[in-house]
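Enquirer: Got a predicted structure plus its sequence, pasted below:
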Amino acid sequence: MAYRISKGRFGLDGKDFLEIWRCTQRTSCRARTPGLSIRTNATALNKATPVNFLQHLYLNLGGQGSGDVLGHTLQLSASRYIPLDDELLPSSGRVDPVAGTNYDFRTLTPIGARISQVSGGKGLVGYDTSYVIDGDGMRKVAAVRDRKSGRRLELWANQPAMQLYTGNGLNNTIKGKAGKVYERYGGFCLETQGYPDA
């Protein structure tokens, strides 16, 4: 799929050309199981333009209508995070270690283990947190498991940061597949990206 964004749209300065490829099976030789690959590339046609694309795909490995994701276990390849203010902006400019905090997912940990102790901004409880991913280049940045369904997910990316969002704002008003309503914490997002507000 290709999409052309014109000058001024989304606050962009120049004419841009955004190409998104989506595959329903990995093309890597080492991955022999079905998967999803999303690749995003932007090329400015006439003027250099900074962009920071991400995907906001909600995931629930239990499947539609299976409830919340608080029992999913999550592991992130991130030893640091970017503290955000109440407006979810990195206004302090700090990068803090996750060790000893409620943001530490370096080992498989249930998403809901410490969620009640985390502010998701704007009066919500839950993760809406930007992590600095360890390493460089294409690498494994996250692993998620749902014990009930037996499903697993590995996320690989080449970006330096990732936002973990736990569906804090879902409020039983959005209908999904087969009319199932999305409850709070009914899905999570792992948004690989450049550094926020850079």
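Expert: Thanks, I have the structure now. Numbers count the residues shown, from 1 in each chain.
Enquirer: quick one: contacts for Gly65?
Expert: Ala178, Lys180 (CB atoms under 8 Å, 6 or more residues apart in numbering). In this view, the C-beta of every residue, glycine as well, is placed from N, C-alpha and C.
Enquirer: and Gln75, how many residues sit next to it?
Expert: Gln75 is flanked by 17 other residues according to other CB atoms under 10 Å.
Enquirer: Over to Val51?
Expert: Neighbours of Val51 using other CB under 10 Å come to 14.
Enquirer: can you pull the contacts of Asn60?
Expert: Listed by CB under 8 Å, 6+ apart, the contact partners of Asn60 are Ser66, Val69, His72, Gly186, Gly187, Phe188.
Enquirer: helices and strands of this protein: which one bottoms out on pLDDT?
Expert: strand 16-25 (a mean of 44; mean pLDDT, DSSP states H and E).
Enquirer: related to what we said a few turns ago, out of the contacts of Asn60, which is nearest to Thr129?
Expert: Among the contacts of Asn60, Phe188 lies closest to Thr129 (CB to CB), at 11.4 Å.
Enquirer: hey, what's the closest one bridged with?
Expert: Leu59 (DSSP bridges).
Enquirer: For it, report the pLDDT, please.
Expert: Listed pLDDT for Phe188 reads 96.
Enquirer: any idea how far it lies from Asp136?
Expert: 25 Å (CB to CB, to the nearest Å).
Enquirer: Looking at those two, which is more packed in?
Expert: Phe188 (23 against 8).
Enquirer: Can you name the residues that contact the more buried one?
Expert: 58-60, 69, 72, 74, 111, 127, 144, 164-167.
Enquirer: which regions of the protein sit below the pLDDT cut-off?
Expert: 1-37, 39, 41-47, 49, 198 (pLDDT under 70).
Enquirer: quick one: the strands in it?
Expert: For the chain, applying DSSP state E gives strands covering 2-5, 16-25, 34-44, 73-76, 80-82, 96-97, 109-110, 128-132, 139-145, 152-157, 161-165, 189-193.
Enquirer: Pull the contacting residues for the nearest residue to Ile82 once chain neighbours are set aside.
Expert: With CB to CB, 6 or more residues apart in numbering as the criterion, Ile82 has its nearest non-adjacent residue at 4.2 Å, and that residue is Ser130. Neighbouring residues of Ser130 by CB under 8 Å, 6+ apart: Tyr81, Ile82, Leu84, Pro90, Ala161, Met162, Gln163, Tyr195, Pro196.
Enquirer: My read is that the first one contacts Tyr131, right?
Expert: So that's Tyr81. Yes - using CB atoms under 8 Å, Tyr81 is in contact with Tyr131, at 5.0 Å.
Enquirer: can you list residues touching both of those two?
Expert: In contact with both Tyr81 and Tyr131: Val98, Tyr103, using CB under 8 Å, 6+ apart.
Enquirer: what number of residues lie near Ile38?
Expert: Ile38 has 13 neighbouring residues, counting by other CB under 10 Å.
Enquirer: My guess is it contacts Gln55. True?
Expert: Yes - with contact defined as CB under 8 Å, Ile38 reaches Gln55; the gap is 5.6 Å.
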